[in-house]
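K.L.:
structure of the sequence below:
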Amino acid sequence: MAVSFDLDPVPTPTPAPRSHSSGAGRSGLSAGAASNIPAGGHVSFWVQGSAIYVATVTAAEQIPEILITVEQTGLSSGSDAPTGAVYEYYEVLPYRTTDAALAGATLNFTVPKAWRAEQGFGPEDVVLYRYHNGAWQALPTEMIGEDATGVVPSWQGGTQYRR
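P.N.:
Numbering: from 1, shown residues only. Next comes the predicted model:
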């Protein structure tokens with residue numbers, strides 16, 4: 001899993017009310033919007049048709065309005081791939097707010113067991129990366145559970161927002 005975004009670890013947030021998300025197909029774009037997020041507050045955006053299923057942001061200050069987009073992409077031209085196998089690439093971007101208004105973000109995502117088995121990976125081998133300032137950086141990533149069938153594990157990785 002590789003993600004391009006400018007977001008270092010925050011505690012697992014509690015979703016705030018007043019958010020709306022919409023999703024597109026597997027290779028499309030999902031967007032979520034929220035308003036009136038207080039300083040220190042959290043809001044979660046549910047993502048559809050993607051390995052990332054929740055994107056949560058933490059406000060450093062009052063945020064009157066925010067829009068978050070999650071889009072599956074390919075490797076950006078001119079950039080090298082991170083070390084190891086990559087499940088999917090995504091771009092996660094905030095709009096309608098300032099860098100200073102964001103304290104952090106957390107992404108919840110899945111990587112199918114079948115794909116991990118093909119790569120020879122165990123749960124501890126799944127790492128969320130970000131591409132920032134021309135380099136891939138591994139983010140703290142932890143497995144948080146499996147679904148009822150035990151087929152699709154879920155991981156969580158996040159960052160504090162940096163300008």
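K.L.:
mind checking how far residue 87 is from residue 138?
P.N.:
Going from residue 87 to residue 138 by Cβ to Cβ, to the nearest Å gives 14 Å. C-beta here means a position set from N, CA and C on the backbone, and glycine is covered the same way.
K.L.:
should've said residue 52
P.N.:
Applying Cβ to Cβ to residue 52 and residue 138 gives a distance of 17 Å.
K.L.:
what of residue 44?
P.N.:
24 Å.
K.L.:
so for these two, which sits in the more crowded spot?
P.N.:
Using other Cβ atoms under 10 Å as the criterion, residue 44 and residue 138 rank with residue 44 on top: 20 against 13.
K.L.:
who's that one bridged to?
P.N.:
The partner list for residue 44 in beta bridges (DSSP bridges) reads residue 56.
K.L.:
per-residue pLDDT, it?
P.N.:
What the model reports as pLDDT for residue 44 is 93.
K.L.:
just want the most central residue of this protein.
P.N.:
residue 107 (3.1 Å; Cα atoms, centre = their mean).
K.L.:
tell me the mean pLDDT over whichever strand or helix holds that one?
P.N.:
Residue 107 is part of strand 102-110 when elements are defined by DSSP states H and E. Strand 102-110 carries an average pLDDT of 89.
K.L.:
within its sheet, name the partner strands of the helix or strand containing residue 35 and how each one runs.
P.N.:
Using DSSP H and E, the element containing residue 35 is strand 29-37. Here strand 29-37 is paired, per DSSP bridges, with strand 19-22 (antiparallel), strand 63-73 (antiparallel).
K.L.:
who does residue 141 bridge with?
P.N.:
Assigned bridge partners for residue 141, using DSSP bridges, are residue 157.
K.L.:
same check on residue 131?
P.N.:
residue 136.
K.L.:
distance of it relative to residue 74?
P.N.:
12 Å.
K.L.:
with residue 47 instead?
P.N.:
18 Å.
K.L.:
ok, residue 102 next?
P.N.:
Going from residue 102 to residue 74 by Cβ to Cβ gives 26 Å.
K.L.:
and what of residue 98?
P.N.:
29 Å.
K.L.:
for residue 141, same thing?
P.N.:
In terms of Cβ to Cβ, residue 141 sits 22 Å off from residue 74.
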